[in-house]
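**Student:** can you look at this prediction? I've put the sequence above it.
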Amino acid sequence: MALTDDVFEHGPDPENPGWRHWNLKDPTLFNGAVMGKLITRVDPDGPNGRRARLRMFPERRHENLQGIIHGAVTLALIDISMFVTMHTIGSGNAGPSVTLELSTQFVGGGDPARPLDAVTEIVRETGKLVFVRGMVEQEGDIVASFSGIVRKMQPRP
């Protein structure tokens, strides 16, 4: 499925100048039902001049019993960020793709009172694969580092 305007909202976010929405129009699907509002922007400081940044706004439902952001929420943010990266600084449409591999190292607890960002870059992109790496951070505090591989799929007829 392509990232079309009939199923996907990726326009400017008026509450956050310089950012764009990264939301499905159907709020019952995973992104909206679990993650809540997501916004993205391209930062100009990557190795090739650009990095993708995906931000979520943690809520009580994202916390674990210790009062920090649940690891599964961080993993979901990372997974979604790889597709944001493909769409915003890669070759384009991330719709008909799947995660092949995701390696994550948790290095700190996420504070539910602050936005959580996945900051990513493309290591290499081929005709069928995209190799991504990045960090999950909160205002410079590192929560996790990761690398992953996404396989571009052909749309089904």
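**Tutor:** All right, it came through fine. Just so you know, these numbers come straight off a predicted model, no measurement behind them. Numbering: from 1, shown residues only.
**Student:** flag every buried residue along the top helix by length along the chain.
**Tutor:** The residue-count maximum for a helix in the chain (DSSP state H) belongs to helix 71-89. Neighbour counts over helix 71-89 (16 or more other CB atoms under 10 Å) mark 73-89 as buried. Placement of C-beta: from N, CA and C, glycine included.
**Student:** same deal with stretch 96-107?
**Tutor:** Those would be 97, 104, for stretch 96-107 by 16+ other CB under 10 Å.
**Student:** tell me where the chain has helices.
**Tutor:** Using DSSP H, helices in the chain cover 30, 71-89.
**Student:** circling back to that earlier point, ok now the longest helix of the chain, how far from the chain's centre?
**Tutor:** 3 Å (CA atoms, centre = their mean, to the nearest Å).
**Student:** which elements pack onto that helix?
**Tutor:** On a contact count with 3 or more CB pairs under 8 Å, 6 or more residues apart in numbering; DSSP states H and E, helix 71-89 meets strand 38-43, strand 51-56, strand 97-106, strand 116-125, strand 129-138, strand 141-152.
**Student:** deepest in the core, which of the ones you listed is it.
**Tutor:** Among the helices and strands packed on helix 71-89, strand 51-56 has the highest mean neighbour count (mean count of other CB atoms under 10 Å), at a mean of 24.
**Student:** show me what that strand is packed against.
**Tutor:** strand 38-43, helix 71-89, strand 116-125.
**Student:** what about residue 118, distance to residue 65?
**Tutor:** Separation of residue 118 from residue 65 (CB to CB, to the nearest Å): 24 Å.
**Student:** contacting residues for residue 50?
**Tutor:** 42-44, 89, 121 (CB atoms under 8 Å, 6 or more residues apart in numbering).
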